[in-house]
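Colleague: give me coordinates for this.
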Amino acid sequence: QVQVVESGGGLVQAGGSLRLSCAASGRTSSTCDMGWFRQAPGKEREFVGGDSWSGNTYYADSVKGRFTISRDNAKNTVYLQMNSLKPEDTAVYYCAACRSGGSTQKPTYNYWGQGTQVTVSS
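Modeller: The predicted model follows:
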């Protein structure tokens, strides 16, 4: 079992930045691929980006060039640095751990956090 906890959400003005953190704990968490998703009100959850424990990263087209995923394996923590935020980035952001399959644009994961709210005001 792997526990996943996100933090770092909040309210920011358009054009601003936020950094989300995702701490994973439990068996094999240090070698799990991790991912970020988001869900806006009335919309389906969408993939934001992901990384592998070896350091490869991949992103949804909507956030490429603005969002960056990084990892601190010693802390079993993955970060989502979000720059140039737009009102349409407003959503609950979820961290997921231990990729189980799927493609780089639609990966699937075994474990999920509770989510953290990000609100971007115009």
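
Colleague: which stretches of the protein form strands?
Modeller: 2-7, 10-13, 18-26, 34-39, 46-51, 57-59, 67-72, 77-82, 91-102, 107-112, 116-121 (DSSP state E).

Colleague: now those in TSV, with mean pLDDT and mean neighbour count?
Modeller: (C-beta placed from N, C-alpha, C; glycine too.) Listed next are these as TSV, based on pLDDT from 0 to 100; neighbours: other CB atoms under 10 Å:
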stretch	mean pLDDT	mean neighbour count
strand 2-7	94	18
strand 10-13	98	13
strand 18-26	93	19
strand 34-39	96	23
strand 46-51	95	21
strand 57-59	94	17
strand 67-72	94	18
strand 77-82	96	22
strand 91-102	93	20
strand 107-112	93	17
strand 116-121	98	17
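
Colleague: separation between the nearest residue to residue 10 once chain neighbours are set aside and residue 60?
Modeller: Nearest residue to residue 10 in three dimensions, chain neighbours excluded: residue 18, at 6.3 Å (CB to CB, 6 or more residues apart in numbering). Distance of residue 18 to residue 60, computed by CB to CB, to the nearest Å: 17 Å.

Colleague: what's the answer for residue 17, then?
Modeller: Distance from residue 17 to residue 60, by CB to CB: 18 Å.

Colleague: and the two? which has more neighbours close in?
Modeller: More crowded of residue 17 and residue 60, by other CB atoms under 10 Å: residue 60, with 18 against 11.

Colleague: that one against residue 48, yeah?
Modeller: Yes - using CB atoms under 8 Å, residue 60 is in contact with residue 48, at 5.6 Å.

Colleague: point to the residue nearest the middle of this protein.
Modeller: residue 36 (2.4 Å; CA atoms, centre = their mean).

Colleague: report the contact partners of that one.
Modeller: 20, 22, 47-50, 69, 78, 80, 93-96 (CB atoms under 8 Å, 6 or more residues apart in numbering).

Colleague: so what's the residue nearest to it when sequence neighbours are not counted up against?
Modeller: Nearest non-adjacent residue to residue 36, counting by CB to CB, 6+ apart: residue 48, 4.2 Å away. Neighbouring residues of residue 48 by CB under 8 Å, 6+ apart: 35-38, 59-60, 63, 67, 80, 93.
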